[in-house]
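Undergrad: just to be clear, the model below is a prediction. Sequence and coordinates:
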Amino acid sequence: MNTIQLLQELYQYCKKLFIKGLLFLLPITITFSLLHFCFNLVTSWLIPLQNINIPLLSMIPHYEILIILIFIFGVGLFLQGFFLKFIIQLVEKFFSQIPLISTVYFGTKQLVSAFSGDNKSSFKDVVYIEFPRKGIYSIGFLTSEIQKEIAPNQDETYYNVYIPTTPNPTTGYFVVLTKDQFKHTNISRQDAITLIISGGILQPNQLKK
């Protein structure tokens, strides 16, 4: 083996080691970078809480995060009371009187509730749709059957379908389709959300078996 061949093999070996190390470290680096970005974003929102001078909490770094966590826990505990449903109804009734706020509030509430896994009435089924063009399939959530009065063609039955985007499924597209324009799947809602958020990297548990 001459010197050139030896150098080429050494180069290929070093290249292989470098790529292997890069592929191992890159996901870790991206994960920590995203966490760091989210952490800085949240702490920037909570800067006003740093003005709360509590002797014991001030000794804890970023104690404003602890304050907001306790607050969220307290709200959850507060909402457990059955007598508070009346208060919640009053607040939502107040929001419903404001045109723009009512649309944003109730729309966001229903969408978040649909992805929570507890609400089984929002997303009826997981379907495949040829979107954004014919031949390319996207995962969508069948929400409901559209009323005949507002259907594009009253001679056919149309369905409302929500197509989420990756990696944030709370944003997406709303389309109206006939039954022959989508295909039902055997994927659960939670597995479909896992697929969408991960970009297809994490497969549904039922497909791993």
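TA: Cool, the structure landed.
Undergrad: low-confidence regions, the chain specifically.
TA: Within the chain, the set of residues satisfying pLDDT under 70 comprises 1, 50, 54-58, 79, 81-85, 111-122, 204-209.
Undergrad: strands of that one, start to end?
TA: With DSSP state E, the ranges of strands along the chain come out as 125-130, 137-145, 158-164, 172-178, 182-184.
Undergrad: would you list those strands in CSV and tack on mean neighbour count and distance to Val75?
TA: Backbone N, C-alpha and C define where each C-beta goes, glycine included. Converted to CSV, those look like this (neighbours: other CB atoms under 10 Å; distance: least, CB to CB, whole Å):
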stretch, mean neighbour count, distance to Val75
strand 125-130, 18, 32
strand 137-145, 18, 28
strand 158-164, 20, 27
strand 172-178, 15, 28
strand 182-184, 15, 38
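Undergrad: any chance of these in a markdown table, with distance to Gly107 too?
TA: As requested, these are exported to a markdown table (distance: least, CB to CB, whole Å):
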| stretch | distance to Gly107 |
| --- | --- |
| strand 125-130 | 21 |
| strand 137-145 | 12 |
| strand 158-164 | 11 |
| strand 172-178 | 11 |
| strand 182-184 | 23 |
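Undergrad: out of these, which comes closest to Ile67?
TA: strand 158-164 (32.6 Å; CB to CB).
Undergrad: partners of that closest one, with directions?
TA: Partners of strand 158-164 in the sheet, by DSSP bridges, are strand 137-145 (antiparallel), strand 172-178 (antiparallel).
Undergrad: JSON lines please, covering these and showing distance to Cys14.
TA: Below are these laid out as JSON lines (distance: least, CB to CB, whole Å):
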{"stretch": "strand 137-145", "distance to Cys14": "41"}
{"stretch": "strand 172-178", "distance to Cys14": "44"}
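Undergrad: would you map out the domains in the protein?
TA: Using automatic domain parsing, the domain parsing of the chain gives 3-45, 125-208.
Undergrad: most tightly surrounded among those?
TA: Highest mean neighbour count among the domains of the chain (mean count of other CB atoms under 10 Å): domain 125-208, with a mean of 14.
Undergrad: mind listing what's buried along stretch 63-79?
TA: Tyr63, Glu64, Ile67 (16 or more other CB atoms under 10 Å).
Undergrad: and Phe18, which of the strands paired with strand 158-164 is closest to it?
TA: Taking these one by one with CB to CB, strand 137-145 is closest: 36.1 Å.
Undergrad: alpha carbons of the closest one, as PDB, please.
TA: In PDB, the C-alpha atoms belonging to strand 137-145 read as follows (Å, rounded to 0.1, in the frame of the first residue of the first chain):
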ATOM      1  CA  TYR A 137     -50.700  13.100   1.400                       C
ATOM      2  CA  SER A 138     -51.100  15.000   4.600                       C
ATOM      3  CA  ILE A 139     -52.500  13.900   7.900                       C
ATOM      4  CA  GLY A 140     -55.800  15.600   8.900                       C
ATOM      5  CA  PHE A 141     -58.300  15.500  11.600                       C
ATOM      6  CA  LEU A 142     -62.000  15.100  10.700                       C
ATOM      7  CA  THR A 143     -64.000  17.500  12.900                       C
ATOM      8  CA  SER A 144     -67.600  17.400  11.800                       C
ATOM      9  CA  GLU A 145     -70.000  17.200   8.900                       C
END
